[in-house]
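> my questions are about this predicted structure, shown below with the sequence.
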Amino acid sequence: MKRSGFTLIEMLVALAVFAVIGLMSNRLLIQIIDMEEVIEVRAQRLVEVQRAIEIIRRDVQQLAYRDVRDEFGDSHPGFEIDEFGVLHLTRRGWANPLGQGRSELQRVAYARVEDALFRLYWPVLDRARDSRPIRQLLLADITEMDVLAVDAAGVEHRFWPPEGDAVAAEKGLAAVVLQMTLPPYGDIERLWTVPAKMAPQVLVADPERDLETE
């Protein structure tokens, strides 16, 4: 009885096919692992970007037009973009769960240092000589960043208040634009409207009410 089997050539061909399949499977597995790592890194980056933008939005939209004095005694408006592009503002809603003897207004600033964005805040509004800001790293790896003030006429300004009457400039502030370039998302732009500056209330005597209470 004659027995049939694989020849040497058939065995070599089968081994070669299995080797090719193994190499392709290994490369595919490596690509999947690399892709998962990239997705995880980008997801974490997206969370960081969204968190930073949300913090800035909250501060801008809680703007309070309260002037402050710096450690040298100089007065600064409630909203300011200085010659270095640093945004300074006074915001409402500073949480005080421990009931400390301080204001619920908070002076904050946003400054880009090299490729990182920092949020600074001061424990007091009107600073003393030894007042120092508390610095928080908000976002890293920023290529470009600009903060623009938009007046009531829709004109963008790189500095605020513009030259002239600072009070009139604050009354004309309508919105804030944030522009950032950061990998891997490229250019990002956000625009937020700001609260209108309310005119101070003046109490007017009511003669008829005065007569009723006499």
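Okay, I see it. Numbers count the residues shown, from 1 in each chain.
> next secondary structure after the helix or strand hosting Met24?
Met24 is part of helix 8-61, with elements assigned from DSSP states H and E. Downstream of helix 8-61, the next assigned helix or strand under DSSP H and E is strand 68-69.
> so which elements touch the helix or strand following that following strand?
Using DSSP H and E, the helix or strand that follows strand 68-69 in sequence is strand 75-76. Secondary structure elements in contact with strand 75-76, counted by 3 or more C-beta pairs under 8 Å, 6 or more residues apart in numbering; DSSP states H and E, are strand 68-69. C-beta here means a position set from N, CA and C on the backbone, and glycine is covered the same way.
> partner strands of the strand it packs on and their direction?
strand 75-76 (antiparallel) (DSSP bridges).
> after the partner strand comes which helix or strand?
Strand 75-76 is succeeded, C-terminally, by strand 79-81 (DSSP H and E).
> quick check: mean pLDDT of that following strand?
Here strand 79-81 scores 94 as its mean pLDDT.
> contacts for the helix or strand following it, please.
Where DSSP H and E defines the elements, the next helix or strand beyond strand 79-81 is strand 87-91. Strand 87-91 has contacts (C-beta atoms under 8 Å, 6 or more residues apart in numbering) with 58-60, 62-68, 76, 78-82, 105-111, 125, 147, 176.
> now strand 87-91 against helix 8-61, angle please.
60 degrees (axes from the mean of the first three to the mean of the last three C-alpha atoms, to 10 degrees).
> I'd like the average pLDDT over strand 87-91.
96.
> use 19 as the first number for this chain going forward.
I'll keep to 19 as the first residue from here, and by that count the last item is strand 105-109.
> what sits closest to Thr143 if chain neighbours are left out?
One thing to correct before we go on: residue 143 is Leu, not Thr. Leaving aside its chain neighbours, Leu143 sits nearest to Val86 (4.9 Å; criterion: C-beta to C-beta, 6 or more residues apart in numbering).
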